[in-house]
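K.L.:
fold the stuff below for me.
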Amino acid sequence: MTPSAAATPFPWREVMAFGLGRLAWPPGVFWAATPREIAAALQAFHPAGSDRAPARDALRALMAAHPDA
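P.N.:
Down below sits the predicted model:
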């Protein structure tokens, strides 16, 4: 492994906060879950591509439908 390809540590704090906090899984359920199951649950809360900004036309339509008062 080259220095530029160093492994990123697993984000335990964030995963635990999601599983135990957001999903309110009891510890036994959280620790029994597989990484694939946790990833699937995360997808329900953060679908792929949901972090992209809306297109200009979509934003204009939303602003027209919900104007600031």
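K.L.:
what's the distance between residue 54 and residue 62?
P.N.:
Using Cβ to Cβ, to the nearest Å, we find residue 54 at a distance of 7 Å from residue 62. In short, each C-beta sits where N, CA and C put it, glycine included.
K.L.:
residue 7 too?
P.N.:
41 Å.
K.L.:
neighbour count winner among these two?
P.N.:
Neighbour comparison, residue 7 and residue 62: the larger count goes to residue 62, with 11 against 6 (by other Cβ atoms under 10 Å).
K.L.:
tell me the confidence at that one?
P.N.:
Residue 62 carries a pLDDT score of 86 in this model.
K.L.:
ok, it - contacts?
P.N.:
Going by Cβ atoms under 8 Å, 6 or more residues apart in numbering, residue 62 touches residue 54.
K.L.:
remind me which helix or strand it belongs to.
P.N.:
Using DSSP states H and E, residue 62 sits in helix 56-65.
K.L.:
can you check what pLDDT the model gives residue 65?
P.N.:
Looking at residue 65, its pLDDT reads 90.
K.L.:
residue 35 now?
P.N.:
Listed pLDDT for residue 35 reads 89.
K.L.:
okay, now it: neighbour count?
P.N.:
The tally of other residues near residue 35 (other Cβ under 10 Å) stands at 9.
K.L.:
quick check: buried residues in stretch 39-56?
P.N.:
Using 16 or more other Cβ atoms under 10 Å as the test for burial, stretch 39-56 gives 41, 42.
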